[in-house]
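In: structure here, sequence nowhere to be found:
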């Protein structure tokens, strides 16, 4: 089925969240900064993934307010013939998964391989009030992704919809040894390369991720601004997807 970018541009056209919802709810009442930016999307290549200047994540940790910048734009591309979506905060994966399903890029029922420093398996404030079918409303999906979900709770809603047969969380040494013998959805968070994860050799992580790319039907990549320097995240993308 033909991939139609304009449908995505209608949603991700660059806007701010100014209310305490989605990722903007973290420490909202205690923060000086009260808004975060959701970048626009473009169709291009991985060379179009660049660090931006807008604050996309704001949180207070140990009494200090951290305002983190993200990407200039989210990028939709193809890598080895596989639809690939690159964005900053990880909850956006939920929209792109369902967009891929809606467009016939992926079927329901494949396993999700979630490579991430964190499990992101918290319960959301509420589960979706929509279902996987031909009438799936992307406007509802978009609103739910941005105004209900956050970076730590976007996987269980996808499992509740039965979009995936199972979520395999890859965040420990033994996990990187897992072999998958069937098509999969690869969900990569670059914070798996954060300093806390250096106990697993970076070269081995890249090797295994590249092997899973070969099995993937669709790939989502998060640059995780709260945990990763975005220039470093961009360099990692260029190395992994070389």
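Out: Perfect, I can see it now. Quantities reported herein were computed from a predicted structural model and do not represent experimental measurements.
In: residue 117 is in contact with residue 227, isn't it?
Out: Yes - the pair residue 117 / residue 227 is scored as a contact, 6.8 Å apart, by C-beta atoms under 8 Å. In this view, the C-beta of every residue, glycine as well, is placed from N, C-alpha and C.
In: give the residues shared as contacts by the two.
Out: Taking C-beta atoms under 8 Å, 6 or more residues apart in numbering as the contact rule, residue 117 and residue 227 both touch 191, 194.
In: would you map the strands across this structure?
Out: 13-17, 36-43, 51-61, 64-71, 74-79, 82-87, 110-115, 164-170, 184-189, 216-222 (DSSP state E).
In: show me what the helix or strand of the chain with the lowest mean pLDDT is packed against.
Out: Lowest by mean pLDDT, DSSP states H and E among the helices and strands of the chain is helix 6-9, with a mean of 73. Packing partners of helix 6-9 (3 or more C-beta pairs under 8 Å, 6 or more residues apart in numbering; DSSP states H and E): strand 36-43.
In: any idea which helix is longest in this structure?
Out: In the chain, with assignment by DSSP state H, the single longest helix is helix 202-215.
In: about what we covered before: who has more neighbours out of residue 117 and residue 227?
Out: residue 227 (24 against 17; other C-beta atoms under 10 Å).
In: so who does that one touch?
Out: By C-beta under 8 Å, 6+ apart, residue 227 lies in contact with 117, 191, 194.
In: please apply the same query to residue 40.
Out: So residue 40 contacts 9, 12-14, 73-74 (C-beta under 8 Å, 6+ apart).
In: mind doing that once more with 6 Å?
Out: Residue 40 is in contact with 12-14, 73, counting by C-beta atoms under 6 Å, 6 or more residues apart in numbering.
In: go on, residue 84?
Out: 77, 219.
In: let's have the strands of the chain in a markdown table, adding distance to residue 130 and mean pLDDT.
Out: Shown next, in a markdown table, are the strands of the chain (distance: least, C-beta to C-beta, whole Å; pLDDT from 0 to 100):
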| stretch | distance to residue 130 | mean pLDDT |
| --- | --- | --- |
| strand 13-17 | 21 | 97 |
| strand 36-43 | 20 | 96 |
| strand 51-61 | 26 | 98 |
| strand 64-71 | 27 | 98 |
| strand 74-79 | 22 | 97 |
| strand 82-87 | 20 | 98 |
| strand 110-115 | 19 | 98 |
| strand 164-170 | 16 | 98 |
| strand 184-189 | 19 | 98 |
| strand 216-222 | 20 | 98 |
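In: would you tell me which one of those strands is buried the most?
Out: Using mean count of other C-beta atoms under 10 Å, the stretch among the strands of the chain with the largest mean neighbour count is strand 184-189, at a mean of 26.
In: run the chain-centre distance for it.
Out: Distance of strand 184-189 from the chain centroid (C-alpha atoms, centre = their mean, to the nearest Å) equals 9 Å.
In: over to stretch 159-176?
Out: 14 Å.
In: and the contacts of it?
Out: Contacts of stretch 159-176 with the rest of the structure, by C-beta under 6 Å, 6+ apart, involve 108-109, 111-117, 119, 127, 132, 155, 158, 200, 208.
In: ok, so of these, who is nearest residue 31?
Out: Lowest distance from residue 31 to the contacts of stretch 159-176 (C-beta to C-beta) belongs to residue 117, with 23.6 Å.
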